[in-house]
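A.B. asks: Could you work out the structure for the sequence below:
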Amino acid sequence: KAQQHYLITGTYTSGKSEGVYVYTFNSNDGIAKEISHVKTSNPSFVAVSPNGQFVYSVQEDAAANGKGGSITAFSFNKISGVLTYINQQPTGGDHPCYVTVDKTGRWVVAGNYSSGSLSVMPVQTNGALGPAGSIIQHQGSGPDKTRQNSPHVHCTIFSADNRYLFVPDLGIDKVMIYAFDEVTGKLTAAKQPFAQSAGGAGPRHICFNPTNTYAYLMEEMSGTVVAFKYKNGRLTNRQRI
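C.D. replies: Numbering: from 1, shown residues only. Take a look at the predicted model:
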């Protein structure tokens, strides 16, 4: 029996690519076929809402256009595989490179790479985004002055229980940890406010194992992976390889 799924792909649009592409993907033979795409500027990272009805893409742009980067909301038709533009909101920073939706589907978080900040946006019932309700600006730098002269947020990941947000910052060699209130969308520093990486490591992306007892951090600049023991918003370093 063919296992047909949708595969949604973000791209950079400085070349021939035009935006976000939708493919049918067969998990039996690995064949993907484009069925639609929607034009939008530099949607280098996309996220799907928990109910699969909406797709959110970054517009990884900077302040040359006068507004910095933004997040665009699309509705997704599961029958036709077509994305339809809903609206767009500025992220309050430059070059957003990551977007994620919380487990309730009511909040979208964007990570601004160049600005080293993150913003939280409310989701309306029709999937549209409201203006960013809070913007958190990271501070600091790292030893590599060519790439770590300032903060660079690279990832925003919610814990499985939706109570914490983990934010690897390549510029300051830290994974910042925030407590998250899914009712108000408010972020506050967690009891363990960050996990420290080695100087110059450049933490980029973090993920959790299926039982949420371990987390794995990819460090871009040093080419290493850190394994953490995880419990209740706390990361305990176990291995770096």
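A.B. asks: Name the residues of stretch 48-55 that come out as buried.
C.D. replies: Within stretch 48-55, the residues scored as buried using 16 or more other Cβ atoms under 10 Å are S49, F54, V55. In this view, the C-beta of every residue, glycine as well, is placed from N, C-alpha and C.
A.B. asks: Now do that stretch: distance from first to last residue.
C.D. replies: One end of stretch 48-55 to the other measures 5 Å (Cα to Cα, to the nearest Å).
A.B. asks: cool, and stretch 197-206?
C.D. replies: So stretch 197-206: terminal residues 12 Å apart, Cα to Cα.
A.B. asks: What residues of it count as buried?
C.D. replies: S197, A198, A201, G202, P203, R204, I206.
A.B. asks: top strand in this structure by residue count?
C.D. replies: Determined from DSSP state E, the single longest strand within the chain is strand 187-196.
A.B. asks: Can you tell me what sits against it?
C.D. replies: 118, 120, 134, 136, 164-165, 173-181, 217, 228, 233-235, 237 (Cβ atoms under 8 Å, 6 or more residues apart in numbering).
A.B. asks: Return the members of these classed as buried.
C.D. replies: By neighbour count, with 16+ other Cβ under 10 Å, the contacts of strand 187-196 hold 118, 120, 136, 164-165, 173-180, 217, 228, 233, 235 as buried.
A.B. asks: Of the residues you listed, which belong to helices?
C.D. replies: Secondary structure assignment by DSSP state H places none of the buried ones among the contacts of strand 187-196 in helices.
A.B. asks: Restricted to strands, list those residues.
C.D. replies: 118, 120, 136, 164-165, 174-180, 217, 228, 235.
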